[in-house]
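1. predicted model and sequence follow; I will ask about them next.
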Amino acid sequence: MHAIIVAAGMGRRLAPYTDDRPKCLVEVGGRTLLERQIEAYRAAGVEEIAVVRGYRGHQIDRPGLRYFENPDFRTNNILASLFCAEPAMEGGFFFSYSDIVFRREVVAQLAATEYEATLVIDRRWAEAYRGRDLHPITEAELARVEAGRVLAVGKRQVAPEEAHGEFIGLARFSAGATERLRWEYRRLERTLGKSAPFGDAARLESAYVTDLLNHLIGQGMRMDACEIDGGWREIDTTQDLERAREIVDW
């Protein structure tokens, strides 16, 4: 299995920390977000790691990684970035946003699952939003889960009162699930075009990964939850960074 870390975005809400570097090179506890993810993946036995670069991508230059470029990072979004690394999906892959930190145990738990498509869902998600003024609950990718199965996920799909947890931006797809993702995304490109509305996005090229996941769930594809209780943090704003530097001890 491979891992793909999407690190193409500009990270505007982390300015001034991202004025001179990509978001994944911002440090928490003396180590960059990227270093922390690599360590967690490799501790779980995931050795082949690919990074999708965009904003200030030349600065992401760690030996031993495979790199893919997103030249249109200013106009597209995470889903399009992910598919810039389509060759690295072969045989199944782990996927993560580049602006999250998580304990090694979280990846180990995900790696131990045997589902076709698995999303890491934090059941204690609400705790992180107490006092989180710059990234309110309306921006959380909440998930509705029943009997371990994810029925909906995203910023607009699930109301807080019906949320079982929050999708943390870490997932695993088997070889079979990967082929389904690839086939459907390329079909949508051919039939809809990149400028057509898709999911909650105004255009397919500006869609989130969760837009495709919801689309596939609607087609009957099973998504399972790997449920955790904390042990991770998203670093989206300066407030998130300051809080993470106080509490992240892993």
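-> Noted; the coordinates are in hand. Numbers count the residues shown, from 1 in each chain.

2. only C-alpha atoms for contact and neighbour calcs from this point on.
-> Noted.

3. ok, which stretches of this structure are strands?
-> In the chain, the strands defined using DSSP state E lie at 2-7, 27-28, 31-32, 48-53, 66-69, 93-97, 100-102, 117-122, 142-146, 149-154, 165-173, 224-228, 232-234.

4. list of residues touching stretch 25-38?
-> Stretch 25-38 has contacts (CA atoms under 8 Å, 6 or more residues apart in numbering) with 17-18, 23-24, 49, 60, 98-102, 241, 244-245, 248-249.

5. are any of those residues buried, and which?
-> Buried by 16 or more other CA atoms under 10 Å: 17-18, 23-24, 49, 60, 98-102, 241, 244, out of those.

6. could you pull out the helices for the chain?
-> For the chain, the helices defined by DSSP state H occupy 33-43, 78-84, 104-111, 175-191, 209-218, 238-247.

7. so for residue 65, which of the ones you listed sits nearest?
-> Closest to residue 65 of those is helix 33-43 (CA to CA; 9.4 Å).

8. could you check the angle helix 104-111 makes with the closest one?
-> 50 degrees (axes from the mean of the first three to the mean of the last three CA atoms, to 10 degrees).

9. buried residues in helix 33-43?
-> 33, 34, 35, 36, 37, 38, 40, 41, 42.

10. again with stretch 79-92
-> Within stretch 79-92, the residues that count as buried by 16+ other CA under 10 Å are 79, 80, 81, 82, 83, 84, 85, 88, 89, 90, 92.

11. for the protein, what helix or strand is lowest in average pLDDT?
-> Ranking every helix and strand in the chain by mean pLDDT, DSSP states H and E puts helix 238-247 at the bottom, with a mean of 94.

12. can you put the helices of the chain in TSV and add distance to residue 129?
-> Output for these, formatted as TSV (distance: least, CA to CA, whole Å):
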stretch	distance to residue 129
helix 33-43	20
helix 78-84	23
helix 104-111	20
helix 175-191	31
helix 209-218	20
helix 238-247	10
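
13. nearest to residue 144 among the ones you listed would be which one?
-> Residue 144 lies closest, by CA to CA, to one member of the helices of the chain: helix 209-218, at 11.2 Å.

14. what's the closest one packed up against?
-> Helix 209-218 sits against helix 78-84, strand 149-154, helix 175-191, with contacts defined as 3 or more CA pairs under 8 Å, 6 or more residues apart in numbering; DSSP states H and E.

15. ok now the least confident helix or strand of the chain, how far from the chain's centre?
-> Taking CA atoms, centre = their mean, to the nearest Å, one finds helix 238-247 lying 19 Å from the centre of the chain it belongs to.

16. what about residue 228, how many neighbours?
-> Other residues within reach of residue 228 by the criterion other CA atoms under 10 Å amount to 20.

17. adding distance to residue 211, write the helices and strands packed on helix 209-218 out as a markdown table.
-> Formatted as a markdown table, those follow (distance: least, CA to CA, whole Å):
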| stretch | distance to residue 211 |
| --- | --- |
| helix 78-84 | 8 |
| strand 149-154 | 7 |
| helix 175-191 | 11 |
